[in-house]
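Trainee: what's the 3D shape of this:
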Amino acid sequence: MFILKGLKRFLVIKVFTIKLFFQSVRRKQLRSFLKMIYSTIVESVITFWEQVFWGRYHLGDITRLEWLGDLEKRLQTTRMIFSEKYGSEINFSILMPVYQPDPVFFKKALKSACSQCYDNFEVILGLDGPQPPGVMSVIEDLKAGFTDNKEFLRVVKIDREGSGGGISNTTNIIADEAANNYIVLMDHDDWIRPDLLLRYAETLLAVEDRTNTVLYCNEFKIDARGEEKLNSFLWKPDVPPFPYVFVNYICHCLMVPKKLFLKVGKLRSECDGAQDYDLVLRLNAAKAVFQNCPFFLYAWRAHGQSTASCINTKDYASSAGIRALTDYAASMNLKWTAEDESASTVYRIKPSIDVVPGIQVIIPFKDNKDLTLKCVKTVLAQQNVKTVITAVDNNSTDKSIAAELEQLGTEVLFIPEPYNYSRFNNMAARQGKKAAGCELVLFLNNDVELEKDALYEMACWVYQPRIGIVGCSLFYPGGGIYQHSGIGNIGDSISPYFSLVRNNRHTGLTMHLKGFENVIRPVDAVTTACAMMKREVFESVGGFDEVFYPIAYSDVDLCRRLKQKGLYSLYTPYAGGIHHEGASRGTFAIEDYELSDWLRKKLGR
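Mentor: Residues are numbered from 1 along each chain as shown. Have a look, this model is predicted:
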């Protein structure tokens, strides 16, 4: 089944590629098309392997009962040790608010909660009003199966008219009933792996302050039959990049110390639909420590009535999320306005700034008159910003380009040296006379055409806390396919093509980034084909590395050094442009340190 789904995806890409081929021929962009198709083939093969084979078999067939039985057997000793040593300190209360679930899904959810490979826990159900036939029999049958300790499964019935009902209110009521130190929030139709509590307990042993630590885990989706959905595995960051969390990927499976849960005021009924997102934001505002437990322990069930299948099943979730973000921004003294443009609970934040940004735009070029002039004119058309353009002429044979650029008010620096991208940008940032008063610097390739409000969008984010550099969305000519939507780095390697460029485009977004190309978010790196920084930040890290990264991966190296200083590389899809990648300089395939992993291993670069 998974192989057939993978082949279907591959065929869809192939049909789409044929369509692009004819578009490219008509537009005389065959060279760009051939470059794009090469990358697409490489990335499609990698993605096919990840989704069909690696995602399926490396993670294990985690819903098969025979596999789970083997897991429980292997964990018996660890379970015993935890029970003896840490039972009084690390104990859990699984809270499950129940509101008219499908009895079949509810039975699977409850059974997974009750079948944990851990001794010190309880499960508390909050029955929110009348339930469908079969729900109570599921509870009684499960209780009967645990003859040694029936009290660990408790039921609290909520009178919707008397106490109000709703998921937040129900959760708060059963949280008050919790007897243990840590509460775990679970939905009534999902599924958790038998070792979830044990893995959380192990993680708590490794943190410095258990009383202030919030845990969450990686997750995936399952369908109504309980089978993993292709391309649904979500790798989560080790630590969330607050305050820049604009889609709630943290919520499953949230574990919060009970005292901390009570301290922040529990869940808020006014945020029902996004109550877990609101809780996460308020916990961050209260300076809680977040830690990912890096295992796929939670399965979010996708069916007709769940938001895992379609967010529109709970359309009130969008407005609840906007309220949560608005309140969070106010508590953090951030001048932000929250919107949900697509009603998908992927929120757009619009920062407010009090200045008209002054931006030095650095554009290296060599010939390619049409592209260069078009690029400059899109910069001159930018709105709500002041721009000073410094163009770097590197051995152009067409001398008319510099003359026309100067007529447009552009300062032109002539650098008759061998091509060194890093050196050209560093020299322009230091020597640009007209740009002396510009607080911001934009690095821009001469083969990029910008949307008219791109620079203002990027500038608004550059002024936000802990932002080191801001990148934008770039499309191939013809539209529809991303050339850049943020760079994600799998593993430790910084340079090799295989580990970086496959995360650089829409078709090659790996499973943990798929669908995030429309989300404002911190990423491992952004391309300086179009990227903006504060001048003082650029200077504080020493600019681009002219020696080890003269051309390739100079931007990735810059972003890594920013990260070492505690600064984020931020991607925004709301600033965009078209990138005629390689049209100006072509591609470089030489053996050099910048294409080697040796630098990282030997020098930590």
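
Trainee: so how far does stretch 396-403 reach from one end to the other?
Mentor: 12 Å (Cα to Cα, to the nearest Å).

Trainee: outside of it, which residues touch it?
Mentor: Stretch 396-403 is contacted by residues 365-367, 369, 372-373, 391, 393, 412, 414 when judged by Cβ atoms under 8 Å, 6 or more residues apart in numbering. (C-beta placed from N, C-alpha, C; glycine too.)

Trainee: so where do the strands sit in the stretch 501-605 of the chain?
Mentor: Along the stretch 501-605 of the chain, the stretches classed as strands by DSSP state E, counting those that start in this stretch are 521-523, 530-534, 568-579.

Trainee: With respect to Trp191, which of the ones you listed lies nearest?
Mentor: Proximity to Trp191 (Cβ to Cβ) singles out strand 521-523 among the strands of the stretch 501-605 of the chain, at 27.5 Å.

Trainee: about what we covered before: check the strands of the stretch 501-605 of the chain for me and report the most buried one.
Mentor: Counting by mean count of other Cβ atoms under 10 Å, strand 530-534 has the highest mean neighbour count of the strands of the stretch 501-605 of the chain, with a mean of 25.

Trainee: Output that one as CSV, restricted to C-alpha atoms.
Mentor: The C-alpha atoms that make up strand 530-534 are tabulated as CSV, following Å, rounded to 0.1, in the frame of the first residue of the first chain:
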residue,chain,number,x,y,z
CYS,A,530,17.8,37.5,-1.1
ALA,A,531,18.4,37.9,2.6
MET,A,532,18.4,40.9,5.0
MET,A,533,20.3,41.7,8.2
LYS,A,534,21.1,44.5,10.5
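
Trainee: Tell me where the stretch 451-600 of the chain is predicted with low confidence.
Mentor: Scanning the stretch 451-600 of the chain for pLDDT under 70 picks out 479-481, 489-515, 582-600.

Trainee: just to revisit the earlier point, buried ones among the contacts of stretch 396-403?
Mentor: Among these, those buried by neighbour count (16 or more other Cβ atoms under 10 Å) are 365-367, 372-373, 391, 393, 412.

Trainee: Filter those down to the ones in strands?
Mentor: Members of the buried ones among the contacts of stretch 396-403 lying in strands (criterion: DSSP state E): 365, 391, 393, 412.

Trainee: Could you list which residues are in contact with the second one?
Mentor: The one in question is Ala391. Ala391 neighbours (Cβ under 8 Å, 6+ apart): 363-365, 372, 376, 402, 405, 410-413, 446.

Trainee: Tell me the secondary structure at the spatially closest residue to Ala429 that is not a sequence neighbour.
Mentor: Leaving out its chain neighbours, the residue that sits closest to Ala429 by Cβ to Cβ, 6 or more residues apart in numbering is Val441, at 5.8 Å. Assigned state for Val441: strand (three-state reduction, DSSP: H, G, I helix; E, B strand; the rest coil).

Trainee: got JSON lines for the contacts of Ala391, with distance to Thr170 too?
Mentor: Formatted as JSON lines, the contacts of Ala391 follow (distance: Cβ to Cβ, whole Å):
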{"residue": "Ile363", "distance to Thr170": "58"}
{"residue": "Pro364", "distance to Thr170": "60"}
{"residue": "Phe365", "distance to Thr170": "63"}
{"residue": "Thr372", "distance to Thr170": "62"}
{"residue": "Val376", "distance to Thr170": "60"}
{"residue": "Ala402", "distance to Thr170": "70"}
{"residue": "Leu405", "distance to Thr170": "65"}
{"residue": "Thr410", "distance to Thr170": "63"}
{"residue": "Glu411", "distance to Thr170": "64"}
{"residue": "Val412", "distance to Thr170": "67"}
{"residue": "Leu413", "distance to Thr170": "66"}
{"residue": "Asn446", "distance to Thr170": "59"}
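
Trainee: one step back: need the strands of the stretch 501-605 of the chain in a markdown table with distance to Asp119, can you?
Mentor: Below are the strands of the stretch 501-605 of the chain laid out as a markdown table (distance: least, Cβ to Cβ, whole Å):
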| stretch | distance to Asp119 |
| --- | --- |
| strand 521-523 | 39 |
| strand 530-534 | 52 |
| strand 568-579 | 41 |
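
Trainee: Of those strands, which is nearest Trp336?
Mentor: Ranking the strands of the stretch 501-605 of the chain by their distance to Trp336 (criterion: Cβ to Cβ) puts strand 568-579 first, at 13.2 Å.

Trainee: and that closest one, which strands flank it?
Mentor: Partners of strand 568-579 in the sheet, by DSSP bridges, are strand 448-450 (antiparallel), strand 467-475 (parallel), strand 521-523 (antiparallel).

Trainee: about what we covered before: out of the contacts of stretch 396-403, which two sit at the greatest distance?
Mentor: Leu373 and Phe414 (17.5 Å).

Trainee: before we move on, the earlier item: among the strands of the stretch 501-605 of the chain, which comes closest to Lys434?
Mentor: Lys434 sits nearest to strand 530-534 of all the strands of the stretch 501-605 of the chain, at 17.9 Å, using Cβ to Cβ.

Trainee: contact partners of that closest one?
Mentor: With contacts defined as Cβ under 8 Å, 6+ apart, strand 530-534 is touched by 359, 439-445, 448, 450, 454-455, 458-459, 462, 468-472, 474, 555, 577, 579.

Trainee: lowest-confidence helix or strand of this structure?
Mentor: Among the helices and strands of the chain, helix 497-500 carries the lowest confidence by mean pLDDT, DSSP states H and E, at a mean of 35.

Trainee: Next, Val184: secondary structure please.
Mentor: When classified by three-state DSSP, Val184 comes out as strand.

Trainee: Could you list the low-pLDDT ranges of this protein?
Mentor: Along the chain, segments meeting pLDDT under 70 span 1-70, 72, 147-150, 162-164, 228-231, 303-314, 341-343, 479-481, 489-515, 582-605.

Trainee: which ones are touching Met186?
Mentor: 94-96, 109, 113, 192, 253.

Trainee: Next, count neighbours for the nearest residue to Asp545 once chain neighbours are set aside.
Mentor: Distance criterion Cβ to Cβ, 6+ apart; nearest residue to Asp545, sequence neighbours excluded, is Asp557 at 5.4 Å. Neighbour count for Asp557, taken as other Cβ atoms under 10 Å: 23.
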